[in-house]
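Asks: Just need the structure, nothing else, for what follows:
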Amino acid sequence: PGPTSHGWSLEQVVPTSGPSTPATAATIAQLRDRLPAGSLVGGAAAENVDLQHALAQRTPVVFGMLAGLGFLLLLVALGAPLVALGGVVVTSLSVAGAFGVARLIFQDGYLSRLLHFTPQGFVDAWAPLFFGAMVFGVAMDYTLFLLSAAKERYETHADPEHSMVGSVQTSGRVVVSAAVVMVAVFLTFALSGPLAPKEMGVILAVAVALDAIVVRLVLLPVLLRLAGHAAWHQPVWLGRLLPEVRFAH
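Replies: Numbers count the residues shown, from 1 in each chain. Reported below is the predicted structural model:
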């Protein structure tokens, strides 16, 4: 029991479960539901639950904005809706793959001995929003780099296979070299002591490796090859709205 003033009391309640467990979240929800109107439930555990709830509500909005802006960027630069949509979809795959690995390592505990940390049993609530935005930005950079090279060849020689092979031939080494440098830098954070830098290093390193090697050099070229001329088709009405951006020279 705590102090009382004007009919209100400050009570300290210690749950038997951990501060980040579902049981504690359920306890806080029950307290807020059953206490008299105007009662407040605070403290570190309640703040953690509130932050997690707020992030869960906003994360889909943020990723929707990122996908929409990425689609508009590719659409303006390349002028082809199908290619722009494909670029956003495969970028989302690299982000999802990185967080799948993050769950295996930091939630389920795989490689915890190698990385010298004790798994929490969960991934921090802020991680998907923070790292997802960073990964999406890095991945879109690689996407535009590869697709602009393919667009340049398609403008000079309207052959989908020729443009796809040429873009991988000229930009593939650059993409892989840049990815190797970034992965090496990010993995240095994985060797640090605190858990948050470890999460950052592992998630970003895995995301860049997946995006550069699997998504950019395998999935995206395959999609371009299967789509053929339809990948670069621009509707007449869309051509009137978009600025003319040409890569051929």
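
Asks: contacting residues for the residue sitting nearest the centre point of the chain?
Replies: Among the residues of the chain, the smallest C-alpha distance to the mean C-alpha position (Cα atoms, centre = their mean) belongs to G132, namely 2.4 Å. With contacts taken as Cβ atoms under 8 Å, 6 or more residues apart in numbering, G132 has the following neighbours: 59, 62-63, 66, 95, 99. Every C-beta, even on glycine, is put in place using the N, C-alpha and C of the backbone.

Asks: Which of the helices or strands spans it?
Replies: In this structure, G132 is located in helix 127-156 according to DSSP states H and E.

Asks: Return the distance of that helix from the chain's centre.
Replies: Distance of helix 127-156 from the chain centroid (Cα atoms, centre = their mean, to the nearest Å) equals 13 Å.

Asks: Any buried residues in it, and which?
Replies: For helix 127-156, the neighbour count (16 or more other Cβ atoms under 10 Å) marks 127-128, 130-133, 135-136, 138-140, 142-144, 146-154 as buried.

Asks: what about the strands in this structure?
Replies: Ranges of strands in the chain, per DSSP state E, are 4-5, 8-9.

Asks: most tightly surrounded among the ones you listed?
Replies: Across these, the average number of neighbours (mean count of other Cβ atoms under 10 Å) peaks for strand 8-9, which reaches a mean of 10.

Asks: Partner strands of it and their direction?
Replies: Listed by DSSP bridges, the sheet partners of strand 8-9 and their directions read strand 4-5 (antiparallel).

Asks: what is the mean pLDDT for the partner strand?
Replies: When the per-residue pLDDT values of strand 4-5 are averaged, the result is 86.

Asks: go on, stretch 212-221?
Replies: Per-residue pLDDT over stretch 212-221 has a mean of 86.

Asks: Relative to S20, how far out is A44?
Replies: Spatial separation of A44 from S20 under the definition Cβ to Cβ, to the nearest Å is 10 Å.

Asks: In terms of neighbours, single out the busier of the two.
Replies: Ranked by neighbour count (other Cβ atoms under 10 Å), A44 and S20 place S20 first, with 16 against 8.

Asks: Go ahead and confirm that one touches L51.
Replies: No - because the distance of 10.6 Å does not satisfy Cβ atoms under 8 Å, S20 is recorded as not touching L51.

Asks: just so I have it, where are all the helices in the protein?
Replies: Taking DSSP state H as the test, the helices found in the chain are 22-34, 44-78, 81-102, 112-115, 127-156, 160-190, 195-209, 220-227, 236-241.

Asks: Q12: which of these is closest?
Replies: helix 44-78 (11.8 Å; Cβ to Cβ).

Asks: ok now stretch 180-189, how far from the chain's centre?
Replies: 17 Å.

Asks: Pull out the buried residues from it.
Replies: Counting neighbours by 16+ other Cβ under 10 Å, the buried set in stretch 180-189 is 182-183, 186, 189.

Asks: mind giving me CSV with the strands of the chain and columns for distance to T118?
Replies: Shown next, in CSV, are the strands of the chain (distance: least, Cβ to Cβ, whole Å):
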stretch, distance to T118
strand 4-5, 41
strand 8-9, 38
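
Asks: tally of neighbours for R113?
Replies: Neighbour count for R113, taken as other Cβ under 10 Å: 9.

Asks: scratch that, L220 is what I was asking about
Replies: Per other Cβ under 10 Å, the neighbour tally for L220 reads 27.

Asks: show me the contacts for it.
Replies: L220 makes contact with 86-87, 90, 143, 146-147 under the criterion Cβ under 8 Å, 6+ apart.

Asks: Repeat that for P1.
Replies: With contacts taken as Cβ under 8 Å, 6+ apart, P1 has the following neighbours: 9, 11-12.

Asks: Let's see that with 10 Å instead.
Replies: The neighbours of P1, taking Cβ atoms under 10 Å, 6 or more residues apart in numbering as the test, are 9-12.

Asks: Tell me if I'm right that L129 and Q52 touch.
Replies: No - in terms of Cβ atoms under 10 Å, L129 does not count as a neighbour of Q52; the distance is 11.0 Å.
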